[in-house]
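>>> sequence first, predicted model second:
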Amino acid sequence: MQRTRRDMKEKNGITLEVLRHSTAHVMAQAVKDLYRDVKLAIGPAIEDGFYYDFDATERFSEDDLEKIEKRMAEIVREDLPFERQEMPREEAIEFFRKRGEPYKVELLEEMEDETVSLYSQGDFVDLCRGPHVPSTGKIGAFKLLSLAGAYWRGDERNKMLQRIYGTAFFDKKSLRQYLRHLEEAKKRDHRKLGKELDLYSISEDVGPGLIHWHPKGARVRNIIETFWRQAHYDNGYELLYTPHIGRSELWQRSGHLDFYRESMYAPMNIDENNYFVKPMNCPFHIQIYNSQLRSYRDLPLRWAELGTVYRYEKGGVLHGLLRVRGFTQDDAHIFCTPEQIEDEILEVLRFSLYLWRCFGFEDITAYLATRPEKAVGDPKRWEQAMKSLEKAVEAEGLSCEIDEGGGAFYGPKIDLKIRDAIGREWQTTTIQFDFNLPERFDMTFTGADGEKHRPYMVHRALLGSIERFFGILVEHYAGAFPLWLAPVQVRVMTITDKQKAFAAEVLESLKKARIRAEADFRNEKLGFKIREAQVQKIPYALVIGDREVENRQVSPRGRGNLTLPSMDVETFISRIREESQVMGQTIL
RNA sequence: GCCAACGUAGCUCAGCUGGUAGAGCAGCUGAUUCGUAAUCAGCAGGUCGGCGGUUCGAGUCCGCUCGUUGGCUCCA
């Protein structure tokens, strides 16, 4: 599916971007034709299509989209040429002022060019750099997709405009393919699957953005966390547990109350002191660091915690498991000496890539964010930190994009984005230097010279948060978890009541072998039981009929419709054992 | 937080312009014991998100509120 995007980028020298931008113009023309008092804002091509923002007295509805599409089709049929015209900027300002297009005037007033270009088709004129397709007839397959509010120039202090999203392709087939892709994404939606597979829920009575893990979801989470803990111990980390609340003085000192307060919940008063629920784990880890004198011989310290934090997120941004108010970070802090920093960063990056491979993600891109204008910390340290990040990315051969000045004020960082089974990118891993907190908490270690030195501090979350990661995992596998993660690995089913006794025996053997198995001994037809197991995406159905009882065997049927030959229970168990390994390990 | 839409049984959804709620699946009961994606029948299940208003009468109209969805903004 990603292929379509690349293959179809260009046709007859026209890029998809040009086609979409032209389609946006046609849509704007249609909207102007159909509604009065419509003022044009901007209408660019975007990743998967285009949009145009309008300021209109009329409120558009879903039905309007169809009407606009129809009018667009007419304009395409008319095959109006796109005509370019150049004009001195001052003249253009006058032109658009007369046409009652204040947004265009505002854009023009801020432009520095002497002359600007206008594009017109029919009686529609728009300020535009171009280029466009030669005529509206060249526009192929398009569809309007959705309606949304959008602030003028993306600033929430500005007026809210009406945005119409659409997409366009060179031909109908590609459009259909894209729409199918959207359907596929909908089918994989973790909110839908979360309900269907009984993984988690959000209760209105408890509050939005707060996750309840049901037995099956909790089972998967437990496997993830067990694996995660083991992997951390194996890779030189120690694990911590820290409190959920801390006094206001702590958050004052850390700077959170000054810089992060709007994301923190109101304090609770305990014995005349204000306590805040933690939005981050770092101050606590620092407390542990500072609980004794540290020598350079102790470093590096790598301390990890599955730390549950709470952050206030605006109501409109909450989204299933992907954007929540309470979540568990797979957090860690690395404290080390300047000499150790390069190795440490490389190790973190390697470890992260290893974890992603274990969970079935291979396509990963790095994003490096460098020093912003306003920053704290010694520039020399920034430079060393940047170098260690760059080196690590290079050593691992990752493709990398650089966000100049995009780092936080307290340190540079690498973020990783992983691509899922249907080509979508998710931001997950973040590895951040922190030059701020060690200062604020006066963290030190004693060097070989007997002097106090400031340690480097690196903050990292690899999976990001367990909630979000779980949501991504559900969508990546479309709910069909690989065997090692599947909440239920095997469902044992009888054909008639006659086989119950042997089936129960089989179930017992599986459970003894720590295989996650459950029974379906109901008085139902086999087809019915198979169907339910398939719908629940259970990796194996074990069918037990008279034949199996007689031979003391089981007949496994895999999720992908494959029926395996009958085998005895022990053979099946070792088969499951083998298949449920991750990187040579069995997680039980 | 902002714009828009939506909120009816556990789930998916129907209910025209206001006349006191309906289907399928799931659940329960019974029959059936049937070899790889749905056996049949019966029963039960809802203060129509919440509060207030208009009306003789509100699931249906209005206001407020909570929540969800799609975006925008935000994500030091």
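Looks like it arrived, so ask away.

>>> okay, CA-based contacts and neighbour counts for the rest of this
Will do.

>>> of all residues in chain A, which one is nearest the centre?
Residue closest to the mean C-alpha point of chain A, counted by Cα atoms, centre = their mean, is residue A:426 at 3.3 Å.

>>> how's chain A carved up into domains?
Chain A breaks down by automatic domain parsing into domains covering A:2-182, A:194-243+A:278-476, A:490-586.

>>> format those as JSON lines; extra columns: mean pLDDT.
Below are these laid out as JSON lines (pLDDT from 0 to 100):
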{"stretch": "domain A:2-182", "mean pLDDT": "88"}
{"stretch": "domain A:194-243+A:278-476", "mean pLDDT": "94"}
{"stretch": "domain A:490-586", "mean pLDDT": "94"}
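
>>> now distance to residue A:271 too, for the ones you listed, in CSV please.
Output for these, formatted as CSV (distance: least, Cα to Cα, whole Å):
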stretch, distance to residue A:271
domain A:2-182, 40
domain A:194-243+A:278-476, 17
domain A:490-586, 48
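
>>> could you dump these to a markdown table with distance to RNA strand B?
Shown next, in a markdown table, are the domains of chain A (distance: least, Cα to the nearest atom of the strand, whole Å):
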| stretch | distance to RNA strand B |
| --- | --- |
| domain A:2-182 | 4 |
| domain A:194-243+A:278-476 | 3 |
| domain A:490-586 | 3 |
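
>>> quick one: closest of these to residue A:483.
Closest of the domains of chain A to residue A:483 is domain A:490-586, at 5.2 Å (criterion: Cα to Cα).

>>> how about the contacts made by the closest residue to residue A:101 other than its chain neighbours?
Computed as Cα to Cα, 6 or more residues apart in numbering, the closest residue to residue A:101 that is not its neighbour in sequence is residue A:39, at 5.6 Å. Going by Cα atoms under 8 Å, 6 or more residues apart in numbering, residue A:39 touches A:54, A:55, A:56, A:100, A:101, A:102, A:103.

>>> who does the helix or strand containing residue A:39 pair up with?
Following DSSP states H and E, one finds residue A:39 within strand A:38-40. Partner strands and pairing direction for strand A:38-40 (DSSP bridges) are strand A:49-56 (antiparallel).

>>> the helix or strand following the strand it pairs with: how far from the chain's middle?
Where DSSP H and E defines the elements, the next helix or strand beyond strand A:49-56 is helix A:62-78. Between the centre of helix A:62-78 and the centre of its chain there are 34 Å (Cα atoms, centre = their mean, to the nearest Å).

>>> re the thing from before, what's the helix or strand just after the strand holding residue A:39 packed up against?
Following strand A:38-40 in sequence order, the next helix or strand is strand A:45-46 (DSSP H and E). Under the contact definition 3 or more Cα pairs under 8 Å, 6 or more residues apart in numbering; DSSP states H and E, strand A:45-46 sits against helix A:16-34.

>>> try it again at 10 Å.
In terms of contacts (3 or more Cα pairs under 10 Å, 6 or more residues apart in numbering; DSSP states H and E), strand A:45-46 is packed against helix A:16-34, strand A:160-169.

>>> out of these, which one sits most buried?
Of all the helices and strands packed on strand A:45-46, helix A:16-34 carries the top mean neighbour count, a mean of 25, counting by mean count of other Cα atoms under 10 Å.

>>> and the angle from that one to strand A:49-56?
Angle of helix A:16-34 versus strand A:49-56, following axes from the mean of the first three to the mean of the last three Cα atoms, to 10 degrees, is 30 degrees.

>>> and the strand or helix carrying the residue nearest to the centre of chain A, which residues are buried?
Under the criterion of DSSP H and E, residue A:426 resides in strand A:425-433. Within strand A:425-433, the residues that count as buried by 16 or more other Cα atoms under 10 Å are A:425, A:427, A:428, A:429, A:430, A:431, A:432, A:433.

>>> contacts only, for the second one.
Contact partners of residue A:427, counting by Cα atoms under 10 Å, 6 or more residues apart in numbering, are A:364-367, A:415-419, A:463-464, A:468-469.

>>> same deal with the third one?
Residues counted as contacts of residue A:428 (Cα under 10 Å, 6+ apart) are A:415, A:416, A:417, A:418, A:461, A:462, A:463, A:464, A:465, A:468, A:469, A:472.

>>> and with 7 Å instead?
Residue A:428 sits next to A:416, A:417, A:462, A:463, A:464 when contact means Cα atoms under 7 Å, 6 or more residues apart in numbering.

>>> same question for the fourth one.
By Cα under 7 Å, 6+ apart, the residues touching residue A:429 are A:415, A:416, A:461, A:462, A:463, A:464.

>>> try it again at 10 Å.
Residues near residue A:429 by Cα under 10 Å, 6+ apart: A:330, A:349, A:352-353, A:356, A:366, A:414-418, A:460-465.
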